[in-house]
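Visitor: following is a predicted model, sequence given first.
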Amino acid sequence: MTITPDPKVKYGATFEILREDHTMGNLIRFHLVKEPQVIFAGYKVPHPLEHNVILKVQTTNDTKPDMMVAKALNDLIMEVGYLKQKFVVCLLH
């Protein structure tokens, strides 16, 4: 992942996530827009044959964009762990 601060937007940054597609881009965006500190979160896949996601994030002045993306990724890790745990329990019964 590369992070580039946006020179035109205060508290804005662009994240390029390599080897991912719409699935990951939309999951991260969904978690970001739920946070009150996030003003804008959007993503695009530059070309269907390229497996890169460009994520743009703008936050309020009390939070940095990279901190909000890290929080969203940690939330996703927790959710996937919870789903895995429930799935294993269902398999054993």
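Guide: Happy to help now that I have it.
Visitor: list the contacts for the residue positioned nearest the centre of the chain?
Guide: The residue lying closest to the centre of the chain (CA atoms, centre = their mean) is Ile28, at 2.6 Å. Contacts for Ile28 were tallied using CB atoms under 8 Å, 6 or more residues apart in numbering; they are Ile17, Ala41, Tyr43, Leu55, Val69, Ala72, Leu73, Leu76. C-beta coordinates here come from the backbone N, C-alpha and C atoms, glycine included.
Visitor: 6 Å instead?
Guide: Ile28 is in contact with Ala72, counting by CB atoms under 6 Å, 6 or more residues apart in numbering.
Visitor: switch to numbering from 30
Guide: All set: I'll call the first residue 30, so the last point we hit is now Ile57.
Visitor: check which helix or strand covers it.
Guide: Ile57 is located in helix 51-62, with elements delineated by DSSP states H and E.
Visitor: against which helices or strands is the longest helix that the chain contains packed?
Guide: The single longest helix within the chain, with elements called by DSSP state H, is helix 94-121. When contacts are defined as 3 or more CB pairs under 6 Å, 6 or more residues apart in numbering; DSSP states H and E, helix 94-121 packs onto helix 51-62, strand 81-88.
Visitor: tell me which of these sits nearest to Val38.
Guide: The closest of those to Val38 is strand 81-88. By CB to CB, the value is 5.5 Å.
Visitor: buried stuff in the helix holding Ile57?
Guide: Met53, Gly54, Leu56, Ile57, Arg58, His60, Leu61 (16 or more other CB atoms under 10 Å).
Visitor: okay, those residues in CSV with distance to Pro34 and pLDDT next?
Guide: Converted to CSV, these look like this (distance: CB to CB, whole Å; pLDDT from 0 to 100):
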residue, distance to Pro34, pLDDT
Met53, 22, 96
Gly54, 20, 97
Leu56, 23, 97
Ile57, 18, 98
Arg58, 19, 98
His60, 21, 97
Leu61, 17, 98
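Visitor: identify, from the residues you listed, the entry nearest to Leu120.
Guide: Closest to Leu120, out of all of these and judged by CB to CB, is Leu56, at 23.8 Å.
Visitor: quick one: contacts for that closest one?
Guide: Leu105.
Visitor: thank you kindly, that will do.
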